[in-house]
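Colleague: can you look at this prediction? I've put the sequence above it.
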Amino acid sequence: MRVMRTIMYWVRTVARRVQADTGMTTSEYAVGTIAACAFAAVLYKVVTSAPVMAQMQSLLKDALDAKF
């Protein structure tokens, strides 16, 4: 019986802690924002590079010149 009470107490305590954690903290927002900006910068550099621009122009030209 005592073991069952201990288990139930532990389950209730964990459930309360999980419910109390409803959002991110300021530091988590900051890290997430920095990571998103870094990813955007890398993606911008890749998309604006010469090989990717040439490939995109070729793809767009082929799409516009398609025969139906």
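Modeller: Received it, and whenever you're ready, just let me know what you need. Only a predicted model underlies this, so the values are computations on that prediction, with no experimental measurement involved.
Colleague: ok, which stretches of this structure are helices?
Modeller: 2-20, 26-47, 50-64 (DSSP state H).
Colleague: centre of the chain versus the last one, how much separation?
Modeller: Spelled out, that is helix 50-64. Computed by CA atoms, centre = their mean, to the nearest Å, the chain-centroid distance of helix 50-64 equals 29 Å.
Colleague: likewise for the first one?
Modeller: Here helix 2-20 is found 32 Å from its chain centre; the criterion is CA atoms, centre = their mean.
Colleague: repeat that for the second one.
Modeller: Chain-centre distance of helix 26-47: 10 Å, with CA atoms, centre = their mean.
Colleague: tell me what angle that helix forms with helix 50-64.
Modeller: In terms of direction (axes from the mean of the first three to the mean of the last three CA atoms, to 10 degrees), helix 26-47 departs from helix 50-64 by 70 degrees.
Colleague: next one: the first one
Modeller: Calculated by the same axes, to 10 degrees, helix 2-20 forms an angle of 80 degrees with helix 50-64.
Colleague: same list (the helices of the chain) but as a markdown table, adding mean neighbour count and mean pLDDT.
Modeller: The C-beta positions use only the backbone N, C-alpha and C, and glycine is treated the same way. As requested, those are exported to a markdown table (neighbours: other CB atoms under 10 Å; pLDDT from 0 to 100):
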| stretch | mean neighbour count | mean pLDDT |
| --- | --- | --- |
| helix 2-20 | 9 | 76 |
| helix 26-47 | 10 | 92 |
| helix 50-64 | 10 | 92 |
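Colleague: what's the separation between Asn42 and Ala35?
Modeller: Check again: residue 42 is Val, not Asn. Per CB to CB, to the nearest Å, Val42 is found 11 Å from Ala35.
Colleague: meant to ask about Tyr29, not that
Modeller: Separation of Tyr29 from Ala35 (CB to CB) stands at 11 Å.
Colleague: next: Ser49.
Modeller: From Ser49 over to Ala35 the distance is 22 Å, taken as CB to CB.
Colleague: before we move on, what about Lys61?
Modeller: Relative to Ala35, Lys61 is positioned 35 Å away (CB to CB).
Colleague: what of Val46?
Modeller: From Val46 to Ala35 the distance is 17 Å (CB to CB).
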